[in-house]
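Novice: this is a predicted model, with the sequence first.
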Amino acid sequence: MSAIRELHERDFDALLSLFERVADERRWIGTEPGFDREQYRRRWRKILRGEGAGFVWAEPERIAGYIGVYPHDEYGHVIGMLVDERYRGRGIGKALLTRVIEWARTAGLVEISLLVFPHNERALALYRNAGFQQRDYYPGDVTRQTGEVWDSLLMTKRL
């Protein structure tokens, strides 16, 4: 049975595998192959200590999606999300986003933010439908391993 639940430390290895699969696509997230796995573990441990929140979409044998929100010096609380390619189009992203928005409201946050690549049209539609609005545009924001340079959008949602 599938369910959204809070992130646990026992999820870290499976979650790193999910990040590797999505990073290997080289299209949807800023993370690329060869990323620092320990950096992610440190961030998730901070979440488990109460610095933000993390939720997974868990299947019996795998984690199919993840969303986390954590404090960022420049943008306030920032969301990061990814869904396994085999599970996309099933409403997992929407369910995860809804859950993190509920958490943010309960936590008393005033606003949450996220960065997204402009070519990620499905994610943009999801975020806009959830009430996120573009706040800024960063041309040439991310240099990829290939040397390509991609733009980013900063989107925010008032709670």
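Specialist: Everything's here; your move.
Novice: residue 118 against residue 154, yeah?
Specialist: No - look at residue 118 against residue 154 with Cβ atoms under 8 Å: they stay out of range, at 11.4 Å. Using the backbone N, CA and C atoms, a C-beta is placed for each residue, glycine as well.
Novice: between the two, which one's more packed in?
Specialist: When residue 118 and residue 154 are compared for neighbours, residue 154 comes out ahead with 19 against 13, by other Cβ atoms under 10 Å.
Novice: give the contact list for that one.
Specialist: 75, 113, 114, 115, 134, 135, 136, 137, 138 (Cβ atoms under 8 Å, 6 or more residues apart in numbering).
Novice: isn't the second one right up against residue 152?
Specialist: Just to be clear, that refers to residue 113. No - assessed by Cβ under 8 Å, residue 113 is found out of contact with residue 152, at 11.6 Å.
Novice: for residue 20, give me its contacts.
Specialist: Counting by Cβ under 8 Å, 6+ apart, residue 20 touches residue 33.
Novice: just to revisit the earlier point, of the contacts of residue 154, buried ones?
Specialist: Neighbour counting by 16 or more other Cβ atoms under 10 Å classes 75, 113, 114, 115 among the contacts of residue 154 as buried.
Novice: pLDDT wise, what is the nearest residue to the third one once chain neighbours are set aside at?
Specialist: In space, and not counting its chain neighbours, residue 114 is closest to residue 79: 4.3 Å by Cβ to Cβ, 6 or more residues apart in numbering. Per-residue confidence for residue 79 comes out at a pLDDT of 97.
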